[in-house]
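> based on what follows, work out the 3D shape:
(chains A and B)
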Amino acid sequence: MAEHNGVSMSQMNDRLFVIFQGDVVPETLSVLSTDLLEYIQTHRITLVIFDLSAIAVLDLTEFNALQSIACMIKLMGSEIIFTGFNPGIVAYLISVDADILDINIASGLDDIDRALKHLK
Amino acid sequence: MDNDIEQLKEKFPITDTDIELMSQAGKLLSDFIPEFIDLWYAWLTQQKEFSLFFGSNSSNLKRVQELQAKHWQSFFAANINDNYIKERRHIGEVHAYIGLPNDIYFAGMSIASQLLADELWNIKPMPANVGDIANSLTKHLFLDTYLVIDEITRIQNTRLSESHKAMMEMSTPVTPIWEGILLLPLLGILDSSRTQDIMNKSLSKIAEERTKVFILDISGVASVDTAVANQLIKITKATQLMGCNAIISGISPAIARTIIELGVNVGEIKTTSTLRDAFEIALKFINVTVSR
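You can find the predicted model right below:
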């Protein structure tokens, strides 16, 4: 998989961990989505985990871009779980009425299995 | 039928006077017909279509020439009735059957018209109403040409609609791949008429086979835009209303991106990137475990 600025990925069995580090730039996400979707198809990934714990600031545009990728991943037949939202980001997303109802969230990497049982 | 004939005569417009003039033309040109046929075939032998349709089959050529002599007799009799129309339509049927190009038929009619008119204008002593006779002749030639071409068009349209029907049949291969699992692999371009056909066939097959899972594989669909995506969702929702679990498989990265970027809401529909994944899910739905 191609290298992406501020994003590292690692695969464990049929799970793919996508760890965002630093700022999430929509342009980077657009390129990332292409590679990510192809990787999912080639490697038959069934679960993608977006780890945002290293992100301090996330605006609505960036969140919507992430959510779009999540929808694309779901369309490809894989499940997607977000983890590592920091309280500041959550408070901001709620205040701007971001559509967070449809996303699967785990409180941390150790909470993935619980979240998997309650997929939306 | 009589009504149709009257309408046809009115349209071209052929009056009783024209029919009388045609009878007059028949008398004036009767001696010329054998020569006319020879001249017409002399022209036809120069055309590439001649060898294509007659080759070296002289008996066939002789038979066609005899038929043509009879045809021109009936033409000058100008008795426009059911039989007259049937004979012209039969010519169209034969032309359609052998695949005669329209250009050679029109060219042939043009040559025939020219040969007959030349002869008419050279008759000595020239009849006073030669202009009217030539005019009636032209009207009847146009009517004949129309009847032949109309029949060719009718046959071609029938063939076209039959092949379209066959194509539609082949383009919707709804197949049971496991007890309770129905697969519909879609290929090519989707439009609203095809979608309707797909929906009807799928729903009937679901009812017939008591299907539990319906897999719609779109890996062969050329492109997905908002209209196509909505049509696919409509099909899937309809199958769900039949009590069937629907899965759309074959979602490529490009299609996934297009659907999301277009803002199409797929709702609760299950989607997968490969048919293999969809089949695995389908087996789970019907509680089937496959072990090696």
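> counting by contacts, list what the helix or strand hosting residue B:258 packs against.
Assessed by DSSP states H and E, residue B:258 sits inside helix B:253-261. If contacts are counted by 3 or more Cβ pairs under 8 Å, 6 or more residues apart in numbering or on different chains; DSSP states H and E, helix B:253-261 sits against helix A:26-43, helix A:60-75. Bear in mind the C-beta positions are built from the backbone N, C-alpha and C, glycine included.
> please redo it, this time with the cut-off set to 10 Å
Judged by 3 or more Cβ pairs under 10 Å, 6 or more residues apart in numbering or on different chains; DSSP states H and E, helix B:253-261 is in contact with helix A:26-43, helix A:60-75, strand B:213-221, helix B:226-241, strand B:270-271.
> right, is the first one up against chain B?
Yes - judged by Cβ under 10 Å from any Cβ of the partner chain, helix A:26-43 comes into contact with chain B at A:30, A:33, A:34, A:35, A:36, A:37, A:38, A:39, A:40, A:41, A:42.
> once you drop chain neighbours, what's closest to residue B:151?
Spatially, and ignoring its direct neighbours in sequence, residue B:151 is nearest to residue B:92 (2.7 Å; Cβ to Cβ, 6 or more residues apart in numbering or on different chains).
> ok, the one you found - contacts?
Neighbouring residues of residue B:92 by Cβ atoms under 10 Å, 6 or more residues apart in numbering or on different chains: B:100, B:105, B:145-155.
> out of those, list just those in helices.
Taking DSSP state H as the definition of helices, the contacts of residue B:92 contribute B:105, B:145, B:146, B:147, B:148, B:149, B:150, B:151, B:152, B:153, B:154, B:155.
> which of these has the most neighbours?
residue B:148 (24 neighbours; other Cβ atoms under 10 Å in any protein chain shown).
> leaving out sequence neighbours, find the closest residue to that residue.
Per Cβ to Cβ, 6+ apart, closest to residue B:148 is residue B:92, 4.2 Å.
> secondary structure class of that neighbour, three-state.
Here residue B:92 is helix, with the state taken from DSSP: H, G, I helix; E, B strand; the rest coil.
> least confident secondary structure element in chain B?
Taking mean pLDDT, DSSP states H and E as the measure, chain B has helix B:48-53 as its least confident helix or strand, at a mean of 80.
> what sits up against it?
Contacts for helix B:48-53 (Cβ under 10 Å, 6+ apart): B:41, B:43-45, B:47, B:60-61, B:64, B:95, B:98-101, B:103-105, B:107-108.
> same thing but 6 Å
Under the criterion Cβ atoms under 6 Å, 6 or more residues apart in numbering or on different chains, residues B:44, B:104 lie in contact with helix B:48-53.
> okay, how far is it across stretch B:120-134, tip to tip?
The first residue of stretch B:120-134 is 7 Å away from its last residue (Cα to Cα, to the nearest Å).
> show me what counts as buried in it.
Buried residues in stretch B:120-134, counting neighbours by 16 or more other Cβ atoms under 10 Å in any protein chain shown, are found at B:120, B:130, B:132, B:133, B:134.
> next one: that stretch to chain centre, how far?
43 Å (Cα atoms, centre = their mean, to the nearest Å).
> who touches that stretch?
Taking Cβ under 6 Å, 6+ apart as the rule, stretch B:120-134 contacts B:21, B:25, B:28, B:117.
> so for it, mean pLDDT?
In this model, stretch B:120-134 has an average pLDDT of 89.
> any idea what the most centrally placed residue in chain A is bridged to?
The residue lying closest to the centre of chain A (Cα atoms, centre = their mean) is residue A:50, at 3.0 Å. For residue A:50, the beta-bridge partners are residue A:18, residue A:82 (DSSP bridges).
> residue A:82 is in contact with that one, correct?
Yes - between residue A:50 and residue A:82 there is a contact under Cβ atoms under 6 Å: 4.9 Å.
> pLDDT below threshold where in chain A?
Counting by pLDDT under 70, chain A has low-confidence residues at A:1-5, A:120.
> contacts only, for the residue sitting furthest away from the middle of it.
What lies farthest from the middle of chain A is residue A:95; by Cα atoms, centre = their mean that is 20.7 Å. Shown here is residue A:95, which makes no contacts under the criterion Cβ under 6 Å, 6+ apart.
> report the separation between it and residue A:88.
Using Cβ to Cβ, to the nearest Å, residue A:95 is found at 11 Å from residue A:88.
> for residue B:47, same thing?
Residue B:47 is 87 Å from residue A:88, by Cβ to Cβ.
> give me the more crowded residue out of these two.
Neighbour comparison, residue B:47 and residue A:88: the larger count goes to residue B:47, with 15 against 11 (by other Cβ under 10 Å).
> just give me the neighbour total for the closest residue to that one other than its chain neighbours.
Distances taken as Cβ to Cβ, 6+ apart place residue B:104 nearest to residue B:47, at 6.2 Å, with adjacent residues excluded. Burial measure for residue B:104: 17 neighbouring residues, criterion other Cβ under 10 Å.
> and the pLDDT at residue B:104?
So residue B:104 comes in at 91 (pLDDT).
> now it: how far from residue B:111?
With Cβ to Cβ as the criterion, residue B:104 and residue B:111 are 10 Å apart.
> do the same with residue A:64
According to Cβ to Cβ, residue A:64 stands 73 Å off from residue B:111.
> and what of residue B:282?
Taking Cβ to Cβ, one finds residue B:282 at 67 Å from residue B:111.
> closest residue of the stretch 1-150 of chain B to chain A?
residue B:99 (48.1 Å; Cβ to the nearest Cβ).
> that residue: neighbouring residues, count only.
Neighbours of residue B:99 (other Cβ under 10 Å): 9.
> quick one: the strands in the stretch 51-200 of chain B?
For the stretch 51-200 of chain B, the strands defined by DSSP state E, counting those that start in this stretch cover B:175-178, B:181-188.
> what sits up against the shortest one?
If I follow you right, that is strand B:175-178. By Cβ under 6 Å, 6+ apart, strand B:175-178 touches B:182, B:183, B:209.
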